[in-house]
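Undergrad: Below are the sequence and a predicted model for it; my questions follow.
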Amino acid sequence: MLKKKSWLLFLSFLFTFGILAACSGGGGEETTSEETEEETTTEEETQEPGEKVVVGAMDTAPTGQFNPLFYTEAYESNIISFVYETLVSQNENLEYEPWLAESWEHNEDHTVYTFHLRQDVTWHDGEPFTADDVVFTYKTLASPDYVAAGGVRTYVVQRLLGFEEFSSGETDEFKGVVAVDDYTVEFHFTEPNVIALADAAFYIVPEHVFADVPVAEIPEHEASLMPEKVIGTGPFKFTDMVEGEQYVLTKNEDYWAGAPNLDSVVWKVVSGQVILGQLESGEIDFVADPTGFDPADYEQVAAMEHVEIIEEPDFGYQILGFVHNFRTEEDIEAGVINPDNFVPNPDLQDKRVRQAIAYAIDREALIEALLHGHGTVMNSPIAPQWWVFDGDTPEQYEYDLDKAKALLEEAGYKDVDGDGFVETPEGEPYELTMAYPLGIEVRERSAPIIQGMIEELGIKVNLLQPLEFAAYSDQLEKNTEWDLYLLGWSLGTTDPDPSGLWTATDAYNYGRWNHPEADALVKQAITPPEAFDRDFRAEVYKDWQVMFQDELPALILYARNSLWAYNKRMTGIDHMPWSFLNDPHKWDVTE
Amino acid sequence: MTKYIIRRLLVFFPMLFALTIIVFTLLKLAPGDPYSQMMDPQIDASVFEEQRKARGLDDPIPVQYFRWLTDAIQGDFGDSFRYKGRTVAELIWDRIPNTLYLGVFSVFITLIVAIPIGIYSARNPYSPLDYAATGFGFFGLAVPNFFFGLAVIYIFAIKLGWFPSQGSISKPGLEGFELLKARLHHLVLPGLTLGLASTASYMRYMRSEVLSVLGSDYIRTARAKGLTERTVLYKHTLRNALIPIITLLGFEIGVLLGGAVITEGVFKYPGIGTLFLESIGNRDYPVIMAITLMLGFFTLLGNLIADILYAIVDPRIRYD
């Protein structure tokens, strides 16, 4: 009796399960269970027959802020870059080319740039795109409430004329960007501006949508958050979403450069461990920005016949930072960075020690072991894609343990007590403290290997327990005891200028490298009028790169290659060195 | 009984209050803040200083706490730091349905599988099916969630194509029956994964409880009275065997709303769990506080309900 009952329950469970399983066949047009072969997938019901749709995967959901003025993450950028456009864009050599602006000219001293806008561009809601939109965009970026509202992109407006007065609220007239007529706009800069085009390469937002919205309320406005309400000029409209799961871009029939070939591009949020399976089954068509796929999976992806791989050196690198100086407790407390008050770190003052460590680290081996060879050794903190990058003159630090040991000995560090580790020239025990953050698996795994390499050289390394990133960056900023730190940087793609990371007063110069000569070079490279000459800039940066490698504020460990993959049914792919997402209106599919 | 409930409710709110003070203080003492991860060489650090000031992060902790408390009492949980332009209430509200669907579905699976099998095993101990169930129980407890999740994705989603593996519905704009169907369909794999471990443990509990009750004197008495096996089982055995299960279920309410961090992550199922974890990593204080408060509330409530249910199930328990 009872036996029957519980079996019945179990059966009814199986039955429910069966019905649910059957759902997959019911909704989709193509899947019938008899024909289920390897190839079959839960082909999602997104597609009407004959529609051209490609599906991209990203491993993290965008936070949902789709206003270019306020977004902060690369995942939002995956939607924004389809929807919004800039006045000028960069080609594969990182040179600026016309986009929404057809042409431009500048005055004698590069303080005024005049852009002539295309006259055939309309917003997704049909309104014409005009100079007023450009003025509105830049005015909003410079407005007094912008930063408090959560905006961080003041760096594109800070060189504009009258920025200080306008952003501090002294005046409500903004002189930086002025509309001459409907299709002509002038950018006025306070000083001759070497990177004027980079400043002008920001996404333009529609004035007619946001004109009456107070700046503080723009981030919460529906046109910043909601599909259909987000209005750009780009080849695709943002039309639908399932928050946290799917983001649908639909073609803009009236796109000025011609209607896109694809009907729709759908972004799906897919867990990193599942992306490759779905790429193989054809459920997704491409995985690219911002993370691509993992180097460890390269062979597996390469074995998929219907998938093409793109490998590009990353705009960024991982470093082993050397702490040259510390800030004083008072300065840390007050939040100021004053190089005059820096306290030298006695453990790394001798540059021969830093150089010895650089020679002792086998970076090729790191790349081989951790990135399966899909990385690049770098000997300059400037991305190799730039014309100012110098790959030869700066010291290359090829792995050479003997040379490293010789340098260390020359600096007076010898093992006097025979414990296998060197002591300071004064005979004191010598130990370096090394810290690293959690968050990137490759970096986490590299820390003990690097520790081993430095210990091989004869320097004892105290490797601290890794910290969660928020805690790590906080400690690093206030550092008073670490000697070595691991960190990674993504570099901007608009200009090679390295300030922000490596000059004495930069917040992110965590090693507190203080080298007035080097700082002078960085400044000189963007000081007009000489800096308008590309060769001059290249020359100055060359000197700086040599100085960087000699002084070693950090050893650049490697640049991880970006690995992108797409289904060969996609055509018209024309990626840029920094992004797969370029000219999506030319993308197409073959069946 | 009523008195007891009132007494419990009286300590309820002071406990929540204490919880918020502790969590808030610990959060603020942890190194880093919402801006410490936003490192970008192009952006001047002073920008973040200005934003810290604008959001009141420079104020002393008690000042910040009272500002939070005053707002929270009025139902305003503030704006998220990371999710720009979104209030915390919106964020949580958006995700609660998903979390509930997944939680209820997995508890449902747990109960309909664990209870019958547990009873069967106890009634027929050391039978082949009991051994199978025991084996399954240990398997369920031993296999890590994420591994089981990936395994079912590989088999049922990628190889067989029976179920979708990612997300909570298949596409935007579904309505009515289609929507329900898509939801259920998407729930199967994460629901099974989430339910696996608890199914295993509930099953073991059920088995041992029923076994021990079946061996007790009053069951022998009941049988001696000539009661049918059915009455013995449902009236005398189950009622007593369910008590520990009720305790577990009481805790389950809090857990249910807390979401399942790992399962949600593997299946990219947008629920409270991932939001919570992510917010901790990003030091998104208002979100963390709101979720903590919510979880605290429902955990306390779940315990209260469980205590009340004891009295109903077990007449020996009296609250005075």
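TA: Arrived safely, thanks for sending.
Undergrad: So which residues of the stretch 51-200 of chain B form helices?
TA: Along the stretch 51-200 of chain B, counting by DSSP state H, counting those that start in this stretch, helices occupy B:61-73, B:88-123, B:128-142, B:145-152, B:176-214.
Undergrad: ok, A:Thr328 touching A:Asp340?
TA: No: the criterion here is CB atoms under 8 Å, and A:Thr328 misses it with A:Asp340 at 10.3 Å. C-beta: built from backbone N, CA, C; applies to glycine.
Undergrad: pLDDT weak spots in the chain?
TA: Using chain A here. A:1-49 (pLDDT under 70).
Undergrad: um, chain B though
TA: B:259, B:319-320.
Undergrad: How about the secondary structure of A:Tyr558?
TA: strand (DSSP: H, G, I helix; E, B strand; the rest coil).
Undergrad: Also the one 4 residues further on?
TA: Reducing the assignment to helix, strand or coil with three-state DSSP, the entry for A:Ser562 is strand.
Undergrad: Tell me if I'm right that it and A:Gly316 touch.
TA: No: with contact defined as CB under 8 Å, A:Ser562 does not count as touching A:Gly316 (9.5 Å).
Undergrad: Mind jotting down where the strands sit in the stretch 451-591 of chain A?
TA: Assigned by DSSP state E, counting those that start in this stretch, the stretch 451-591 of chain A shows strands spanning A:460-463, A:484-490, A:554-567, A:570-571, A:588-589.
Undergrad: which residue packs closest to the residue most central in space within chain A, ignoring adjacent ones?
TA: By CA atoms, centre = their mean, chain A has its centre lying nearest to A:Ser490, at 4.9 Å. The shortest distance from A:Ser490 to any non-neighbouring residue, by CB to CB, 6 or more residues apart in numbering or on different chains, is to A:Gly316 (3.9 Å).
Undergrad: do the same with A:Leu501
TA: B:Pro41 is the one closest to A:Leu501 (CB to CB, 6+ apart), at 4.6 Å.
Undergrad: Equivalent analysis for A:Val177, please.
TA: Spatial nearest neighbour of A:Val177, chain neighbours left out: A:Tyr138 (4.1 Å); criterion: CB to CB, 6+ apart.
Undergrad: quick one: the one you found is in a strand?
TA: No: applying three-state DSSP, one finds A:Tyr138 to be helix, outside a strand.
Undergrad: Tell me the spacing between it and chain B.
TA: Between A:Tyr138 and chain B the computed distance is 17 Å (CB to the nearest CB, to the nearest Å).
Undergrad: List the residues that contact A:Lys237.
TA: For A:Lys237, the contacting residues are A:83, A:124, A:228, A:230, A:249-252, by CB atoms under 8 Å, 6 or more residues apart in numbering or on different chains.
Undergrad: will you turn those residues into JSON lines that also has secondary structure?
TA: Formatted as JSON lines, the contacts of A:Lys237 follow (three-state DSSP):
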{"residue": "A:Val83", "secondary structure": "helix"}
{"residue": "A:His124", "secondary structure": "coil"}
{"residue": "A:Glu228", "secondary structure": "coil"}
{"residue": "A:Val230", "secondary structure": "coil"}
{"residue": "A:Leu249", "secondary structure": "strand"}
{"residue": "A:Thr250", "secondary structure": "strand"}
{"residue": "A:Lys251", "secondary structure": "strand"}
{"residue": "A:Asn252", "secondary structure": "coil"}
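Undergrad: now that we have the residues you listed, which one has the most neighbours?
TA: For the contacts of A:Lys237, the largest number of neighbours (other CB atoms under 10 Å in any protein chain shown) sits with A:Leu249, at 28 neighbours.
Undergrad: And stretch A:441-458, what's buried?
TA: Neighbour counts over stretch A:441-458 (16 or more other CB atoms under 10 Å in any protein chain shown) mark A:442-443, A:446-447, A:450-451, A:453-455, A:457-458 as buried.
Undergrad: residues in contact with it?
TA: Contacts for stretch A:441-458 (CB under 8 Å, 6+ apart): A:295, A:318, A:320, A:356-357, A:360-362, A:366, A:369-371, A:401, A:404-405, A:408, A:413, A:415, A:420-422, A:432, A:434, A:436-438, A:461, A:463, A:466, A:484, A:486, A:488, A:557, A:560.
Undergrad: can you rerun that using 6 Å?
TA: Stretch A:441-458 has contacts (CB atoms under 6 Å, 6 or more residues apart in numbering or on different chains) with A:357, A:360-361, A:366, A:370, A:404, A:421-422, A:436, A:461, A:463, A:486.
Undergrad: Among those, give me the pair with the biggest separation.
TA: A:Leu370 and A:Val422 (27.3 Å; CB to CB).
Undergrad: Which stretches in the stretch 151-300 of chain A count as strands?
TA: Assigned by DSSP E, counting those that start in this stretch, the strands in the stretch 151-300 of chain A fall at A:177-181, A:184-188, A:236-242, A:246-251, A:264-269, A:286-287.
Undergrad: Can I get the first one in PDB, CA atoms only?
TA: Written as PDB, here are the backbone C-alpha positions of strand A:177-181 (Å, rounded to 0.1, in the frame of the first residue of the first chain):
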ATOM      1  CA  VAL A 177      32.400  74.500 -26.800                       C
ATOM      2  CA  VAL A 178      30.300  76.800 -29.000                       C
ATOM      3  CA  ALA A 179      27.900  76.200 -31.900                       C
ATOM      4  CA  VAL A 180      28.700  78.500 -34.800                       C
ATOM      5  CA  ASP A 181      25.800  77.300 -36.800                       C
END
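Undergrad: Okay, angle between that strand and strand A:184-188 too, please.
TA: In terms of direction (axes from the mean of the first three to the mean of the last three CA atoms, to 10 degrees), strand A:177-181 departs from strand A:184-188 by 150 degrees.
Undergrad: So which elements touch strand A:177-181?
TA: The helices and strands touching strand A:177-181, judged by 3 or more CB pairs under 6 Å, 6 or more residues apart in numbering or on different chains; DSSP states H and E, are helix A:131-142, strand A:184-188.
Undergrad: Out of the ones you listed, flag the one nearest B:Phe17.
TA: helix A:131-142 (41.9 Å).
Undergrad: Remind me what the closest one packs against, helices and strands.
TA: By 3+ CB pairs under 6 Å, 6+ apart, helix A:131-142 packs against helix A:163-167, strand A:177-181, helix A:207-210.
Undergrad: right, so the ones you listed: which one is the most enclosed?
TA: helix A:207-210 (a mean of 20; mean count of other CB atoms under 10 Å in any protein chain shown).
Undergrad: before we move on, the earlier item: CSV for the strands of the stretch 151-300 of chain A, including distance to B:Ile119?
TA: Shown next, in CSV, are the strands of the stretch 151-300 of chain A (distance: least, CB to CB, whole Å):
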stretch, distance to B:Ile119
strand A:177-181, 76
strand A:184-188, 78
strand A:236-242, 41
strand A:246-251, 43
strand A:264-269, 41
strand A:286-287, 48
